[in-house]
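**Q** dropping the sequence and predicted coords here.
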Amino acid sequence: MSDRDQDAIEQAWDAVVATARRTASEGLVVGTSGNVSARVGEIVLVTPSAVHYDRLGPGDAVGVDLRGRRVFGELPPTSELPLHLAVYNSTSAAAVVHTHAVHATAVSTLVAEVPPVHYAAAMLGGPVRTAPYARYGTRELADGMLAALRDRTGCLLRNHGTVTYGDSLDEAYDRTAQLEWMCRLWLTASSVPGRSPTLLSPAQLHEVRDALEGYGRPG
């Protein structure tokens, strides 16, 4: 491995650890739940299994190839490795964030699709779907997740949590935070007795997606 490749891996690992710690500090996970990964070429850096994020250091990096074979590291990779690899092998993702966010997990037990109460749904490709329940770490869970992610960058896992991906860890994390906020918004609005929240139409969401294509670009 060249010095340049080694530097890229070290930087990516630092970002993985920082993002994992952020999920804990912002209440999206508890204890050792959830997991984070980033892709560097043909290597996936992923948080290890059953280790608190505040204890992770440079020597704890775990790297696997796209088939899940260990490339380096002594700690076992997260039990959700099949979920992460499924995303990388099916999309152009550079990062994946999986959490057990409270409001999003609550919504996963109630609906097959998050009601579009806010245009933030367009930031994830449209109304967010809920994948069927399957035990953590299984291929069944990964397959259900991929179906729910079709044309989307995030989904709910029934009775489990959330998965989002992006071109960077910042983008993947931002999508997780948006999804959790949107689920909290829907739960809050739908809890008012005798009232039902208004929902955005497919046309309104499509209009937002079009507007987002030029968001933040000069001119």
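**A** Right, received. Where do you want to start?
**Q** tell me the bridge partners for the residue nearest the centre of the chain.
**A** Centroid-nearest residue in the chain, with CA atoms, centre = their mean: residue 164, separated by 2.5 Å. Residue 164 has these beta-bridge partners by DSSP bridges: residue 97, residue 154.
**Q** where does it land on pLDDT?
**A** Looking at residue 164, its pLDDT reads 98.
**Q** repeat for the one 4 residues further on
**A** What the model reports as pLDDT for residue 168 is 97.
**Q** any idea how far it is from residue 160?
**A** As judged by CB to CB, to the nearest Å, residue 168 and residue 160 stand 24 Å apart. C-beta coordinates here come from the backbone N, C-alpha and C atoms, glycine included.
**Q** do the same with residue 137
**A** For residue 137, the distance to residue 160 - CB to CB - is 11 Å.
**Q** contact partners for the residue nearest to residue 34 when sequence neighbours are not counted?
**A** Computed as CB to CB, 6 or more residues apart in numbering, the closest residue to residue 34 that is not its neighbour in sequence is residue 99, at 4.5 Å. Shown in contact with residue 99 (CB atoms under 8 Å, 6 or more residues apart in numbering): 23, 28-29, 33-34, 161-162, 176, 180.
**Q** tell me the one of these nearest residue 111?
**A** Nearest to residue 111, judged by CB to CB, of the contacts of residue 99 is residue 162 at 13.8 Å.
**Q** the helix or strand harbouring the closest one: what's the following helix or strand?
**A** Under the criterion DSSP states H and E, the helix or strand holding residue 162 is strand 161-166. Per DSSP H and E, the first helix or strand lying C-terminal to strand 161-166 is helix 169-190.
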